[in-house]
Structure formats: C-alpha cells, structure tokens
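Asks: pasting the structure only:
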C-alpha cells in the first residue's frame, strides 16, 4: 500500500481499515479494539531510522478503521518510509498484520502529488475533514454516546469555542446540560450563566464521568471531544458562557 502526503502537511489522514487492509488469516471480527492503545511507527527505508515512534492513533469501532494524523514535524522532510501499527491491550502487544507493506511517501510541496516513489502505485484520495465545531444542548441521561450526541445535541462550526455562550434550552422535564469541545481546540477554564462575559452565576460542570468521546464527521473522519456535563439536571434555559 502506498500513501502520499506533501512535505510539512498534516492532511490527509493515514487510514487503515481492519477488514479491507488486514490479513485474512487474522480474525479482526473477534478482536475488540475499543479501549486499546494503538501506536503508529514510521521508519526511513534507506536508513532504518524512525521518523515517528509511538504516534497515537484513533480507532473507529463503527468503521473498523484506524486513523493517524501526521504533524508538520513528521513530514518536515521528503523521503520514503515504511509504516506499521502496534496495538496494546490488557492481553499484550501485537503488530497489526496487513495484507501488504505500508509505505509513506513524503513529497516535495512543489511535486505532483500523484507521483509515487515505488512500485504498486496506489493513490488514496481522501475527502476533506469537516471544519471543527462544538456540540451543545441537553440530554436526559448522565452519560452520552456518540450516536446520542448526533441525534440530541446541536452543532456549531467554530475554531474558537471560548469567550462566547451557548444556549442550553428549556425542556419539559429535567435534563443535563452538555457541551463537547474538540481536544485540539482551546478549553474553557470555567462556566458562567451569562450572554455577555465571564461573570454571573457559576455553573458547576463535570468532565470526569465521560471525559472524552470520539465522533466521526460526515466524511468519516474521527474527532476526539472533551465532554462537559452539568452536575445536575434542570428544566430552564441557561446561557452557558465559556470563560477563557
């Protein structure tokens, strides 16, 4: 398998599907990777020096796919590299068996991105990830799944989630207030019942019950969110100001 990315780029994601790209003699169907730690390694094919070691990956159980997003440091210089994934569970560590070796080609930013550095040319065009944003609203339970987020909470596109407010609406019965913020964005220091600044009544929020959740956008790209939830359910509306 060949994966191409331009020098100093962070996209597209490196994506490996366990069923499509995994070896037939390895039974992924009976392997639950939810909660496993998955690392990505990438070494130079000429020098055998690792450019990436223990790069943290995201696993989507819905799509049975592992994702790794490169950093600019990972792609700082051009070259050809071999990649592999290591999966760590409470039963031990295993290198993810793939049908074919995985090669990553870091290409000059002025090069044709369709050029491939070796045999078995394979171009894997990927859709663009949806812009980041925040989920907010109310839900009756004190925990929430990714599916419940998509069907019960509102979404607003933003890369600056703090220093503004989100309306948690009135409900006929008491429900918990939720707000989910991508881990890659600035996180709030406190929450206030305000629509004009970081003052007013303090709103106690808990982010220890769920802590984090992974949600796929409409193109299938996973985003990890920090989950904040009010300590108590309530009926009335709150203007939830996120202090920076």
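Replies: That came through fine. For clarity, every value in this text was computed on a predicted model and none was experimentally measured.

Asks: What lies in contact with the longest strand along the chain?
Replies: If you go by DSSP state E, the chain has its longest strand at strand 79-89. The set of residues external to strand 79-89 that reach it, using C-beta atoms under 8 Å, 6 or more residues apart in numbering, is 3, 14, 16, 33, 35-46, 51-52, 57, 66, 68, 93-96, 98, 101-106, 117-118. C-beta here means a position set from N, CA and C on the backbone, and glycine is covered the same way.

Asks: Show the average pLDDT along the longest helix seen in the chain.
Replies: Longest helix in the chain by number of residues (criterion: DSSP state H): helix 146-152. Taken as a whole, helix 146-152 carries a mean pLDDT of 90.

Asks: For that helix, buried residues please.
Replies: Of the residues in helix 146-152, those buried by neighbour count under the rule 16 or more other C-beta atoms under 10 Å are 146, 149, 152.

Asks: Which segments of this protein make up each domain?
Replies: The chain is divided into the following domains under automatic domain parsing: 2-107, 133-243.

Asks: Lowest average confidence across these, which one?
Replies: domain 2-107 (a mean of 87).

Asks: Kindly check the end-to-end length of that one for me.
Replies: Length of domain 2-107, first residue to last, C-alpha to C-alpha, to the nearest Å: 12 Å.

Asks: do the same with stretch 175-188
Replies: Termini of stretch 175-188 sit 22 Å apart (C-alpha to C-alpha).

Asks: buried sites along that stretch?
Replies: In stretch 175-188, the ones that count as buried by 16+ other C-beta under 10 Å are 175, 176, 177, 178, 179, 180, 181, 182, 185, 188.

Asks: how much distance is there from that stretch to the middle of the chain?
Replies: On the basis of C-alpha atoms, centre = their mean, to the nearest Å, stretch 175-188 sits 14 Å off its chain's mean C-alpha point.
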